[in-house]
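Asker: For reference, the sequence and a predicted model appear below.
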Amino acid sequence: MIASHTEHSSHWPNRPRSVSYASFHPRHGLICLLLLCLSLTACGGSTSSTPPAPADILIALAPSRTAGVAPLAVFFDASATTGLTGGDFLSAHFSWDFDDPNAGTWQTTGNSRNRATGFLAAHVFETPGTYVVSVSVRDRAGRLGPAGSVTIVVSDPATVYAGNATRCVSRAGDFTDAPTNCDTLTSTDLATQLSWLNAAANRRLLLRSGETWPGVSLALTGSGPNTLGAFGPGARPILQLQLGANPGQGAGMEVSGTDWRVMDLDLDGTNLPAANAEGATVVGSTGTEFLGMNLSIHNGDNVGWGAGGDRSYLYKSLVQNNAYFSVYVDGVDSALMGSSVDQMRIATSFIRPSESRNVYIADNLIDANRAAPTTGIKWHSRRGVITDNIITAGTSRISTSASDVECDFSLAVDRNLGMLLIERNILKPDGNPANDAYTSTGIDMTENDTMVRNNLIYDMNLAFRGACGARNVHILNNSVYMTPNTTGLNIGNGDFLNIELPAVSNWEVRNNLMWSENPGINGIGELINLGATAGITLSNNLYYKPSKANPFAIGSSGAPTATYDLSGWQALGLDSHSLLANPQLVSVNPASTDFFRLGATSPAIGAGTPVAVFEDFYRNPRPSADGYDIGAINFR
């Protein structure tokens, strides 16, 4: 029996998500319920095992830790899994269950917080208890491996921080709803309280909600677990940050210690130094195991959240209105989850360029509430998962690039970039004409080794761009729609795909749905513009642009040397089994719950080909009863 549940999303597009807890392949009737409890003694776990099936796939599940006090943030890495076809963990489908059904849903996206996909994942266990986290895998050939599991033990903060290990501080002496038996103190001297907090592990400092602390400089240097947070009803305590007397302090709040939780605070950077001056960043971290939870970080003249340490987690927070990138991450094993951010940059560190890697970005609202142009996610790193985000910000919603000059990968920080999974994101307009006028590209790819699948892209002037001879890029089962009123930059340079010279290699573009009602400008407006036909395989895509008789082009962007109808295009060896037809979507109204849904007579139904995509946007299994559908959403 397959146990399942239904998750409802409050965000567009909106319909129930049916999710099977056991792995099920409808074509072969295979149900795999074997568990492989891995040896995790190095991380404090227990050891037991059953024979894997098939024998050559073995999940390597590496948690960052297996025990700690709530809220406990844990980073998971399954990329060392062996026996996958081609050793390809990027194309493999990893499905995570955190054994935390009471975690609820993300406020940003409406998705379940108990589940995730990708070779990297992270989770914050907010409630004390024992959790058995499991992950299953299906490799790119469709072979289902055994599941791996690990036990995570989460301690109760009321026990860890009992009695005078918790200090509750109020400027006005109001201790309403303070934790039982905490050490209460009326004080306006926050520096003294921070000295107490840094002096030993297992300490918790809680500030009265609704109070404002002016002229605050925070340096969290101790070894935890330690927590800085709030108590009582009301708005977050406001900490008006300023640069303190600590030599070399680079942020209003600087975290250099280990195992810190900072939560439920408003961190105001208005009074910090100007951009490019030391200390202009609001929150900076060089420590390890740092969780920022339910924070409001704003009005800095540089970076809002700057994480250069290892295992940093931004969780359910608001980071906006900072002059540079509101989020800048260049550490190891970092996670950005369930937050509302106006733009972020993921980079390799100039201080340790060979080490920066492993970033998990999930269920964030990356919103264009600041002056354009911006970049939603500027990716300049290696090994990442970008999944289930809603992105309205940026000239490019997601951009991969070198650190400085495009296509110049000669510096140490620019080597071996890429290895990126981009899955189930929604890329759409902001709705503000001042911002949308700068819209250009949905996903801009100049780095190697990228898997892009099951994304919904609406009114991006150029859905996918490739450049710099990027290698090993797979664009599979995405749905793209352009209205007649699309505005912004680069209109007409390839609504669906633009690949510039030098020629790319090993690009796979299959099972995508592209409908454009935009006429383009200056007589151009093709669906695809290729600088060269070498190095790219297109097949089983469905295109529709009724205003353009020859929607395919070869040549420079905006100045093609030749255009083709579908038959002429296929005569060049491109787009075998692809269609040029009305996709018959149920609705092209983005306010509709049926937006991007296939109608019952859509030619996309069953017209796809087997690829390394085993679920649709709603996590329903592929293939469906109709076979492999084109686009991000199965007909059924």
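Answerer: Sure thing, it's come through. As the structure is a prediction and not an experimental result, all values here were calculated from the model.

Asker: Point out where the protein drops to low pLDDT.
Answerer: 1-55, 245-248, 276, 372, 492, 522-523 (pLDDT under 70).

Asker: For residue 572, grab phi and psi.
Answerer: For residue 572, the backbone dihedrals are phi -80, psi 0 (criterion: degrees, to the nearest 10).

Asker: Now for it: which residues touch it?
Answerer: Going by CB atoms under 8 Å, 6 or more residues apart in numbering, residue 572 touches 533, 564. From N, CA and C alone the C-beta is placed, and that goes for glycine too.

Asker: Pull out the buried residues from stretch 84-97.
Answerer: Residues of stretch 84-97 classed as buried by neighbour count (16 or more other CB atoms under 10 Å): 84, 88-97.

Asker: So which of these are in strands?
Answerer: 93-97 (DSSP state E).

Asker: Per the annotation, how does this protein divide into domains?
Answerer: 34-153, 156-324 (automatic domain parsing).

Asker: Residue 435: which of the ones you listed is closest?
Answerer: Closest approach to residue 435 among the domains of the chain (CB to CB): domain 156-324, 13.7 Å.

Asker: Regarding residue 191, which helix or strand does it belong to?
Answerer: helix 190-198 (DSSP states H and E).

Asker: on that earlier part again, among the ones in strands among the buried residues of stretch 84-97, which one lies nearest to residue 428?
Answerer: Relative to residue 428, the closest of those is residue 93; by CB to CB it sits at 25.2 Å.

Asker: Test my guess that the closest one contacts residue 615.
Answerer: Yes - at 7.0 Å, residue 93 counts as touching residue 615 under the criterion of CB atoms under 8 Å.

Asker: Mutual contacts of those two, please.
Answerer: Residues touching both residue 93 and residue 615 (CB under 8 Å, 6+ apart) are residue 117.

Asker: rewinding a little: any chance of the ones in strands among the buried residues of stretch 84-97 in CSV, plus distance to residue 184?
Answerer: What follows is these, written out as CSV (distance: CB to CB, whole Å):
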residue, distance to residue 184
93, 52
94, 47
95, 47
96, 41
97, 41
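
Asker: Out of the residues you listed, which two sit at the greatest distance?
Answerer: Maximum pairwise distance in these, criterion CB to CB, is 13.8 Å, between 93 and 97.

Asker: all helices of the stretch 501-636 of the chain, in order?
Answerer: Secondary structure of the stretch 501-636 of the chain (DSSP state H, counting those that start in this stretch): helices at 566-571.

Asker: mind listing the strands for it?
Answerer: Read by DSSP state E, counting those that start in this stretch, the stretch 501-636 of the chain holds these strands, from start to end of the chain: 505-510, 513-516, 526-530, 536-539, 542-544, 552-556, 559-564, 579-580.

Asker: And the third one, what does it pack against?
Answerer: In this case it means strand 526-530. Under the contact criterion of 3 or more CB pairs under 8 Å, 6 or more residues apart in numbering; DSSP states H and E, strand 526-530 touches strand 493-499, strand 552-556, strand 559-564.

Asker: between the ones you listed, which one is nearest to residue 385?
Answerer: With respect to residue 385, and counting by CB to CB, the nearest of these is strand 493-499 at 23.1 Å.

Asker: what lines up beside the closest one in the sheet?
Answerer: According to DSSP bridges, strand 493-499 forms sheet pairs with strand 462-466 (parallel), strand 526-530 (parallel).

Asker: so residue 367 makes contact with residue 342?
Answerer: Yes - using CB under 8 Å, residue 367 is in contact with residue 342, at 6.0 Å.

Asker: Tell me which of the two has more neighbours.
Answerer: Shown here are residue 367 and residue 342; by other CB atoms under 10 Å, residue 342 has more neighbours (26 against 19).

Asker: what's the spacing between the more buried one and residue 239?
Answerer: Plainly put, residue 342 is 21 Å away from residue 239 if you go by CB to CB, to the nearest Å.

Asker: same check, this time on residue 341
Answerer: With distances taken as CB to CB, residue 341 is found 20 Å from residue 239.

Asker: Just want to know which of these two has more residues nearby.
Answerer: Set side by side, residue 341 and residue 239 show more neighbours around residue 341, with 30 against 25, by other CB under 10 Å.

Asker: and that one, bridged to which residues?
Answerer: Those that pair with residue 341 in a beta bridge, by DSSP bridges, are residue 319, residue 366.

Asker: isn't it right up against residue 364?
Answerer: Yes - between residue 341 and residue 364 a contact is recorded at 5.9 Å, counting by CB under 8 Å.

Asker: The stretch 101-250 of the chain: strands as residue ranges?
Answerer: For the stretch 101-250 of the chain, applying DSSP E, counting those that start in this stretch gives strands covering 115-117, 120-125, 129-138, 147-155, 166-170, 183-186, 203-208, 212-216, 218-220, 223-231, 238-241.

Asker: tell me the most buried of those?
Answerer: Burial of the strands of the stretch 101-250 of the chain is given as mean neighbour count (mean count of other CB atoms under 10 Å); strand 120-125 ranks first at a mean of 26.

Asker: If I take that one and strand 147-155, what angle do their directions form?
Answerer: Per axes from the mean of the first three to the mean of the last three CA atoms, to 10 degrees, the angle that strand 120-125 makes with strand 147-155 is 30 degrees.

Asker: who does strand 120-125 touch, helix- and strand-wise?
Answerer: On a contact count with 3+ CB pairs under 8 Å, 6+ apart, strand 120-125 meets strand 72-77, strand 93-97, strand 129-138, strand 310-315, strand 332-337, strand 357-362, strand 382-387.

Asker: Paired strands for that strand, with orientation please.
Answerer: Partners of strand 120-125 in the sheet, by DSSP bridges, are strand 72-77 (antiparallel).
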